[in-house]
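1. Here is a sequence with its predicted model. Questions after.
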Amino acid sequence: MKHPAIALLGTLALAACSQQAPEAPAAAGAPQAAQAAPKRAAAPAFTPPPESAIPPGPLGDEIRLGRAIFTDTPEHARDYVGNGLNCSNCHLDAGRLANSAPLWGAWGMYPQYRKKNGRVNSFGERLQGCFRYSMNGKAPPLDGDVIVALESYAWWMSRGAPNGVKLAGAGYPKQGFRPPQPPDYARGAAVYAKNCALCHGADGQGQQVDGRNVFPPLWGPQSFNWGAGMHELDNAAAFIKANMPLSRGGTLSDQDAWDVAMYMDAHERPQDPRYAGDVAATRAKYHDTPMSLYGTTVNGHLLGSGASK
Amino acid sequence: MLRILGILALLSPLAVRATDAAAITRQGNGKGAAPCMACHGVDGGGMAVNGYPRLAGLDAAYLRQQLDDFASGARANPVMQPNASALSGDERAALAKYYSALPLPARPAAPPAAKPDADGERLATRGDWSRALPACVQCHGPGGVGVGANFPPLAGQSAAYITSQLRAWQRGVRRNDPLQLMQHVARQLSPQEIQAVAGWFAAQPLPAKGSAP
């Protein structure tokens, strides 16, 4: 088992910000048993403990605070958010759900070299990125309550999981996931109108009650910014395929998932905080991948130029 | 009871203006639609024990859609179908607008449960993702206050009504839910869970504001 594990770790050290699963089974369903194979072992399965198992006392309080931050981020991390999203909007079931980038799938894989910033990141630094990009806010201090509480919640949820081992259901299931045809904006618009607008609004701005998101905005000033992982097509398509519509994950075709991911990611959103003076330079430095539409022109609009759509 | 209502409707003035929703709720429309308040209450708060739902403060587009669906048969109900069919499009629009603007009833539709069911609260606020069940409040809003035109409020709604609808979706008798979201949700629930979650929502407070969010 030593060599496959080392191969896994080596591969993962080069993985981008979202956690790929190079050895995980292709199926998006909840795996219940690791299958023994002569040449290559499947990634082990893991089930996090129930919420009722959070212990009493100060440690339990910190874990509960982490969960509260995770599920109502603007309320509990007010100083560090720039929009009304919650972590749980894209990490479902309060960060517990397989194939929805669960916390237990990430905790044991850090510290980790990340291409995104060209150095080894601690888990806390990874969380800072979530605030800077997905929450369009600013990085909370590593030793402050927000990061420590989130780390406590992630640590507690991961208890019993093998450390440094890629788990089945970690990240979004994007390994080997490609569309039959190149993604298409017009097809994506039709998929959106039929499957997504019901919750996220015809204008993609979500739906709110008393100023709080019930369904999150997918683009525009109140959504994640151009630095967030969800702006990349393969991340978005894999998330959508496995998890959307909410409660009906796995019902969209692969093509529909890619088309609607492209539709979502082809809309304007707040600027990348690493903006390098102009869009082309920023694309060259941070978005030089076919998975990013930043700096490309869609429907006559240069994405990332900030003009409202 | 229905026959008495029908006779009352026939006796009411035939010249009820199509846009006078308040009059229709009191007298019917003289063309076969019974007075709405006979079942849905003078204040639109419904009759919880009979499972007649609160209409006051619900979203107008939602109410309009339900009336249209009753009339077309897209939503099956032996009492609502003839009543909705007897309303013109203008009358349905006017009634939907009328009820959406009514203030929320002064007291909840059902008294709070003596011992709130933990299972109900858990399903409502956490869901059960091992069955791909989101928390109900993820779509129906915090505390079940409802959001938009497609996710009606559950807070303070009749437990008997919520129960009957969950059963109807479960059996495929009600099928007018967009994307079949509720049919799939309901099929995951046991009879005890249906009662528990209906009871939990019935006990939730109505929002403080007088009109729908």
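-> Yes, it's here. Since the structure is predicted, the reported quantities are computational estimates derived from the model, not experimental observations.

2. give the contact list for the closest residue to chain A within chain B.
-> Per C-beta to the nearest C-beta, residue B:129 is where chain B lies closest to chain A, at 4.2 Å. (Glycine included, C-beta is placed from N, CA and C.) Neighbour list for residue B:129: A:92, A:93, A:96, A:97 [criterion: C-beta atoms under 8 Å, 6 or more residues apart in numbering or on different chains].

3. run the last query once more with 6 Å
-> A:93, A:97 (C-beta atoms under 6 Å, 6 or more residues apart in numbering or on different chains).

4. And the pLDDT at it?
-> Listed pLDDT for residue B:129 reads 97.

5. same thing with residue A:119?
-> Predicted confidence (pLDDT) for residue A:119: 96.

6. ok, the strand or helix carrying residue A:74 near chain B or not?
-> Under the criterion of DSSP states H and E, residue A:74 resides in helix A:73-76. No. Remark: helix A:73-76 sits outside contact range of chain B, by C-beta under 6 Å from any C-beta of the partner chain, the gap being at least 11.2 Å.

7. export that helix as CSV, just CAs?
-> In CSV, the C-alpha atoms belonging to helix A:73-76 read as follows (Å, rounded to 0.1, in the frame of the first residue of the first chain):
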residue,chain,number,x,y,z
THR,A,73,-20.7,33.4,7.3
PRO,A,74,-21.8,37.0,7.0
GLU,A,75,-23.2,36.9,10.5
HIS,A,76,-20.3,35.3,12.2
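
8. What mean pLDDT does that helix get?
-> 98.

9. Which neighbouring elements make contact with the helix or strand that that helix is followed by?
-> Using DSSP H and E, the next helix or strand after helix A:73-76 towards the C-terminus is helix A:92-95. With contacts taken as 3 or more C-beta pairs under 6 Å, 6 or more residues apart in numbering or on different chains; DSSP states H and E, helix A:92-95 sits against helix A:57-71.

10. what's the burial count for the residue nearest to residue A:130 when sequence neighbours are not counted?
-> Excluding its sequence neighbours, the residue lying closest to residue A:130 (C-beta to C-beta, 6 or more residues apart in numbering or on different chains) is residue A:87, at 6.9 Å. Residues lying near residue A:87 (other C-beta atoms under 10 Å in any protein chain shown) number 25.

11. Let me see the confidence value for residue A:87.
-> Looking at residue A:87, the pLDDT reads 98.

12. Help me confirm that it comes into contact with residue A:70.
-> Yes. Assessed by C-beta atoms under 6 Å, residue A:87 is found in contact with residue A:70 at 4.4 Å.

13. How confident was the prediction at the residue nearest in space to the middle of chain B?
-> Nearest residue to the geometric centre of chain B (C-alpha atoms, centre = their mean): residue B:53, 4.4 Å. On pLDDT, residue B:53 comes in at 97.

14. list the contacts for it?
-> Contact analysis of residue B:53 by C-beta under 6 Å, 6+ apart lists B:46, B:158, B:161.

15. do the same with residue A:162
-> By C-beta under 6 Å, 6+ apart, residue A:162 has no neighbours at all.

16. measure it to residue A:60 for me?
-> Using C-beta to C-beta, to the nearest Å, residue A:162 is found at 24 Å from residue A:60.

17. for residue A:234, same thing?
-> 37 Å.

18. What of residue A:156?
-> 8 Å.

19. can you check residue A:303 too?
-> Counting by C-beta to C-beta - residue A:303 and residue A:60 are separated by 45 Å.

20. Of those two, give the one with the bigger neighbour count.
-> The neighbour comparison of residue A:303 against residue A:60 (other C-beta under 10 Å) goes to residue A:303, with 25 against 14.

21. Could you find the closest non-adjacent residue to the more buried one?
-> residue A:293 (5.2 Å).

22. before we move on, what about residue A:141?
-> residue A:147 is the one closest to residue A:141 (C-beta to C-beta, 6+ apart), at 6.9 Å.

23. mind checking pLDDT for the one you found?
-> Reported pLDDT for residue A:147: 98.

24. Tell me which residues touch it, please.
-> Neighbours of residue A:147 in contact, by C-beta under 6 Å, 6+ apart: A:124, A:127, A:140.

25. Residue B:124 looks like it's in a strand, true?
-> No. According to DSSP: H, G, I helix; E, B strand; the rest coil, residue B:124 belongs to no strand; its state is helix.
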